[in-house]
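Chemist: for reference, the sequence and a predicted model appear below.
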Amino acid sequence: MNEIIVSMNHISKSFPGVKALDDVHFELRSGEVMALLGENGAGKSTLMKILSGVYTRDDGTMEIFGKEYGDLTPKQAQEVGVAIIHQELNMCRHLSVAENMFLGRELAGKFTLDNRKMRQEAKRILDDLKIDINPDQTVGDLPVSKQQMVEIAKALSINAKILIMDEPTSALTAKEIEDLFRIIRKLKAEGRGIVYISHRLEELAEIVDRVTIMRDGQYITNGNFADMTMDQIITNMVGREIKEKFPRVSCEKGKKVFEVKHLNAGKMVRDINFSLYEGEIVGFAGLMGAGRTETTRAIFGADPKDRGEIWLDGQEIKINCPMDAIKHGVVLAPEDRKKDGLCTKLSIRQNLALPNLDMICNGLGVISSTKEDKLCEEAVQNLRIKTPNVEIDSGNLSGGNQQKVVVGKWLARNSRVVIFDEPTRGIDVGAKVEIYNLMNELKKQGIAVMFVSSEMPEVMGIADRIIVMCDGRITGEVMAQDTTQNEILTMATSFENKKIVS
Ligand SMILES: Nc1ncnc2c1ncn2[C@@H]1O[C@H](COP(=O)(O)OP(=O)(O)OP(=O)(O)O)[C@@H](O)[C@H]1O
């Protein structure tokens with residue numbers, strides 16, 4: 001049996017008002033992929049930040065390669081062989097691949113840095129991983145998937161024996177995920193231990209050997225993945241059975257609410273035409289980079305439009321900036337929650353209140369704390385935002401709970417059109433169902449729902465009608481109940497087979 005390389009026992013950690021970890025156990029063996037699973041806010045990232053020296057624990061013991069460690073600093077953790085690849089990649093975007101890989105431990109020549117040697121070494125590691133990236137390329141110019149590969153290469157360049165990957169596939173295409181899994185298998189075969197945090201449970205079977213499950217900051221169980229059913233895993237994660245992963249409600253299709261005509265914006269939004277009706281959810285499927293996010297941003301006024309018309313309830317409206325869109329009741333929950341969806345340095349309360357000031361201010365322009373409290377209370381309750389109170393910085397929330405705040409901002413408004421761009425990315429299985437239910441609720445209220453998602457099962461499970469995009473254009477439209485994943489994929493990868501339902 002593979003040796004135990006990490007053993008964490010009775011680990012506890014509190015933040016003001018939150019017990020993030022309470023008597024947690026965790027074990028990792030060499031040559032295995034250990035999935036660390038739990039709902040948003042369960043404490044997975046906090047536990048791994050303790051292992052990698054980002055946080056110090058309040059209580060408990062930690063052994064790495066059989067040696068007991070007290071409080072590790074990130075540098076010490078690195079020296080011991082622990083590398084963490086964060087969900088939000090931590091690269092210096094303006095530096096080259098080689099410069100990033102050797103950041104903080106540059107190789108010195110006689111008088112200056114030995115750039116040639118660093119380049120050569122970077123190339124050797126990238127080649128070894130069969131990754132086609134030029135070490136001289138600026139990291140900011142690389143797609144996210146390649147940046148992630150550079151992070152992995154960097155971990156290997158410091159000879160990391162324990163690699164922690166936090167939601168590594170959340171921004172990757174199917175082909176890129178395959179590449180990542182190939183690399184993970186190679187690392188595993190070399191005897192490295194990999195901790196794999198993911199909310200995409202369907203991919204676990206591909207890659208995972210064992211599973212550790214946490215809930216509400218506590219250790220629940222661990223075991224071989226092969227010995228557990230998916231239902232057991234989910235029940236352990238959420239503490240209750242989830243009967244329907246894709247709850248669908250049927251509504252009568254009503255009148256046309258929203259229409260986009262001949263929308264063009266930059267290279268990735270080319271002659272987009274579609275309508276949204278009352279009583280339906282319209283899914284936007286496609287591969288990453290198909291132009292769906294650009295379309296949502298152009299509609300919302302976050303990016304300029306070259307031409308095109310937007311109609312709401314039979315009248316043309318002008319949206320030149322997000323403020324115009326919000327005034328007309330057209331709102332967007334954007335894909336990148338940290339960059340576009342939240343002010344991470346502001347509290348949950350301030351984030352929820354910001355776009356709703358018109359509704360919570362009294363006649364004199366002063367915020368009514370009663371109305372603000374009510375707005376926050378409803379958002380926290382309806383979306384089950386896990387937080388001790390609404391005064392904490394939204395940047396300190398777990399990823400999934402941040403997403404809930406983004407969605408919560410729009411709940412209070414009487415919106416006519418709600419655009420969700422990848423709303424369930426990084427969200428746990430229970431919270432996903434809550435988001436679907438929320439979309440269903442909007443659908444029942446006659447609000448038009450546009451739902452962009454790269455997860456085929458959820459588009460097929462939740463949307464009524466599916467519009468497919470490829471390379472900035474709409475390449476097909478199908479009713480969810482009449483289609484197959486293959487048909488959607490064909491439309492998502494070619495301009496042929498164009499199919500439109502009336
Ligand atoms: N720096 C911090 N300050 C205050 N609270 C924090 C901080 N970091 C984490 N928390 C809280 O600790 C709890 C555990 O968060 P953590 O990020 O570890 O969860 P997670 O399981 O990784 O969730 P997710 O799957 O959403 O990423 C949450 O309630 C979170 O709000």
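Modeler: Ah, there it is.
Chemist: okay, strands next: where are they in the stretch 201-350 of the chain?
Modeler: Under the criterion DSSP state E, counting those that start in this stretch, the stretch 201-350 of the chain carries strands at the ranges 210-215, 218-224, 256-265, 269-277, 281-285, 307-312, 315-317, 330-333.
Chemist: what do you get for the stretch 1-150 of the chain?
Modeler: 4-15, 18-29, 33-37, 59-64, 67-69, 82-85.
Chemist: on that earlier part again, out of the strands of the stretch 201-350 of the chain, nearest to the ligand?
Modeler: Go through the strands of the stretch 201-350 of the chain one by one with CB to the nearest ligand atom and the one that ends up closest to the ligand is strand 210-215, at 6.8 Å. Any C-beta I mention is one placed from the backbone N, CA and C, and that applies to glycine too.
Chemist: that closest one close to the ligand?
Modeler: No. Under the criterion of CB under 6 Å from any ligand atom, strand 210-215 makes no contact with the ligand; the nearest approach is 6.8 Å.
Chemist: and stretch 116-126, average pLDDT?
Modeler: Regarding stretch 116-126, the rounded mean pLDDT is 91.
Chemist: possible to save the strands of the stretch 201-350 of the chain as TSV with mean pLDDT and mean neighbour count?
Modeler: Supplementary listing: the strands of the stretch 201-350 of the chain in TSV, determined by pLDDT from 0 to 100; neighbours: other CB atoms under 10 Å:
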stretch	mean pLDDT	mean neighbour count
strand 210-215	96	22
strand 218-224	96	16
strand 256-265	97	18
strand 269-277	97	19
strand 281-285	97	27
strand 307-312	97	16
strand 315-317	97	11
strand 330-333	94	24
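Chemist: export these to JSON lines and tack on distance to L397?
Modeler: Rendered in JSON lines, the data for these read as follows (distance: least, CB to CB, whole Å):
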{"stretch": "strand 210-215", "distance to L397": "17"}
{"stretch": "strand 218-224", "distance to L397": "19"}
{"stretch": "strand 256-265", "distance to L397": "31"}
{"stretch": "strand 269-277", "distance to L397": "31"}
{"stretch": "strand 281-285", "distance to L397": "26"}
{"stretch": "strand 307-312", "distance to L397": "33"}
{"stretch": "strand 315-317", "distance to L397": "34"}
{"stretch": "strand 330-333", "distance to L397": "15"}
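Chemist: out of those strands, which comes closest to R57?
Modeler: Nearest to R57 among the strands of the stretch 201-350 of the chain is strand 218-224 (13.8 Å), distances taken as CB to CB.
Chemist: now that closest one and strand 210-215, what's the angle there?
Modeler: With axes from the mean of the first three to the mean of the last three CA atoms, to 10 degrees as the criterion, the two stretches strand 218-224 and strand 210-215 enclose an angle of 160 degrees.
Chemist: residues touching strand 218-224, excluding its own?
Modeler: Contacts made with strand 218-224 from outside it, assessed by CB atoms under 8 Å, 6 or more residues apart in numbering, are listed as 22-27, 38, 43, 209-214, 236-237.
Chemist: do I have it right that T483 meets V468?
Modeler: No. Here T483 lies out of contact with V468, judged by CB atoms under 8 Å, at a distance of 9.4 Å.
Chemist: neighbour count winner among these two?
Modeler: V468 (29 against 21; other CB atoms under 10 Å).
Chemist: how about the secondary structure of that one?
Modeler: At V468, secondary structure determined by DSSP: H, G, I helix; E, B strand; the rest coil is strand.
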